[in-house]
Structure formats: C-alpha cells, structure tokens
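A.B. asks: missing the sequence, but the structure's below:
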C-alpha cells in the first residue's frame, strides 16, 4: 500500500484529496487495470464486475456514462454500446488500499450479456449449484437492437 | 468462457449443476485466485473485495465462515482471525463467465482494517476525492482484541 492511502486511513469524514494524486498511487495491476464492481444505486443489487484502466475511469468521471476496459477485445467498452443497456454513473468509490472500485450506477435493463439483470445468477452450495434467476430478455434480441 | 458456463447461459430458474463441475471450469487466474465481493446480506452494503482460491471457497462453503486467500501473506485468511470481526456466509454466487464471486455475508463490526464498516470510503469526483465515512473504532483497538 502506498503512503497516500496509508495517510488517509485515519482521515475524518470530509477530508479532501486530489483525484489525480489518488489515481497516481492506485494499485493498477500489471495490465494497468483495476476491478470495478457495479451496484444499482437505489436497490443495492450487485450487477456485475468488470475492469477499468485509468483512461476508462477518467472518461467515466467526465461523461457520467460508465466505460470499462474490455480485456477480451483489448479496447474501451462503453457499457451499452452494442446492447443499448447503458450504465449511468451515480458515484464511484476507491477502496482503502486503492486496488478496487465500487461504482454506484443506474443500469437500464439487463446488465448481463445473458439477458439477466445481474451476472450473479449461479448460487453455489457445497454439493450442488442452482440457477436462481431467468433472463429478462433473449440475448439475441438484446444484441439485435441498436 | 468454458462450455459449461456457455451451456448455462439460457438456463431457466431452478436448473441444477454440480458445484465441483463449476469449480473445475471456473476462471481462476494465473495464481489460482478469483475476486470475491462481500456484501452485507440485509443492507446490500458492499463491504470489501478480496481473493479466494478453490480451497478457501470450499472451506467457506463447508464451514459457513468466510475464508479468503491473503495475497500479501500467501496463506488462508479466515476473516476475523486477528480482528475478531468474523464474516458468516449467507450465500455465494458465481457470475456468468465463472470469474467473480459475490458473497452475501453477515459481517460483525467493521469489515475494513481501518476500523470502518466498508473499505469503500474514498468517493472520487473528477477533480477532488472525499473521505465519506469515519472509522467506527480505532484499528489499534481492533487488532489488540483477541
């Protein structure tokens, strides 16, 4: 953990710091990425987790529309650009040691590419797992609409 | 994404699968780890993100007490073993492509090593960031109590 995050540990509510200084010291991984958790702002439902590089985070802060970094496509991924299911930004928090982001968002329709609201639909038990939500819409329809 | 996760994409609610088969196909990273998001079960508050290897996840499912893998210490980390602030497991979900876990937990006291309830206390704006929660207790007290 860097000195800046260490310094902020005992900070009282309302303490301010430059975002750029925090992003300089954030713990981007070897690919320059940080995991970003997206949570629906009023319900608290965790919708998905994806990755951001610094440019994607800065764009998200500037535009209010969530932009990730697609590891599979190797390029910025403006959520909803192919599905139409845009994520608007409500707030972003960085965690105590600067290695994870929590995005509070307003997600239109399904967040998941399977057509489900959330990506977390496989409930694990010790022996058996169970699918606990059904698609809201057919993915073919989701990716057909532009 | 593996065939098993692909196969489950259109699955209806209630579809069952062996947990071991899902864990065989889950996308553990090069260090054998998957990120695990911990969410307080009744409030929806996202408390922290840490990492699990397969053994930590299997122990968590078997015991109902959350066990992570500590990357800094290179060993299992039974949450609360030094702070006393145990996390009980309520439910675990794996996501659509098998590379992230969402833990629904019952967290005693602060989840964060700084003494705060949640690790996500640095609210980022475009120019300035602000600390938006104060420690519930002094970390010295947290790690003094056993």
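C.D. replies: That came in fine, so what should we check first? Not measured: the values here are computed from a predicted model. Numbers count the residues shown, from 1 in each chain, chains lettered A, B, ... in the order given.
A.B. asks: just the pLDDT for residue A:70.
C.D. replies: Residue A:70 is assigned a pLDDT of 96 by the prediction.
A.B. asks: got phi/psi on the closest residue to it other than its chain neighbours?
C.D. replies: Leaving out its chain neighbours, the residue that sits closest to residue A:70 by CB to CB, 6 or more residues apart in numbering or on different chains is residue A:77, at 3.9 Å. Backbone N, C-alpha and C define where each C-beta goes, glycine included. Torsion angles at residue A:77 (phi, psi; degrees, to the nearest 10) stand at phi -130, psi 100.
A.B. asks: any weak-confidence spans in chain A?
C.D. replies: The model of chain A has pLDDT under 70 over residues A:1-2, A:145-146.
A.B. asks: go again using 50 as the cut-off
C.D. replies: Within chain A, the stretches with pLDDT under 50 are A:146.
A.B. asks: nearest spatial neighbour of residue A:86, chain-adjacent residues omitted?
C.D. replies: residue A:80 (3.5 Å).
A.B. asks: quick one on the thing from earlier: just checking, the residue nearest to residue A:70 touches residue A:66?
C.D. replies: No - assessed by CB atoms under 8 Å, residue A:77 is found out of contact with residue A:66, at 9.3 Å.
A.B. asks: those two: which is more packed in?
C.D. replies: Higher neighbour count among residue A:77 and residue A:66: residue A:66, with 27 against 19, using other CB atoms under 10 Å in any protein chain shown.
A.B. asks: so the more buried one makes contact with residue A:57?
C.D. replies: No - the criterion here is CB under 8 Å, and residue A:66 misses it with residue A:57 at 9.7 Å.
A.B. asks: what about residue A:35, neighbour count?
C.D. replies: 18.
A.B. asks: could you pull up phi and psi at the residue nearest to residue A:86?
C.D. replies: Torsion angles, degrees, to the nearest 10, at residue A:80: phi 100, psi -10.
A.B. asks: what residues sit buried inside stretch A:122-136?
C.D. replies: For stretch A:122-136, the neighbour count (16 or more other CB atoms under 10 Å in any protein chain shown) marks A:122, A:123, A:124, A:129, A:130, A:131, A:133, A:134, A:135 as buried.
A.B. asks: hmm, that stretch touching chain B?
C.D. replies: Yes - remark: stretch A:122-136 sits within contact range of chain B at A:122-135, by CB under 8 Å from any CB of the partner chain.
A.B. asks: all set, thanks.
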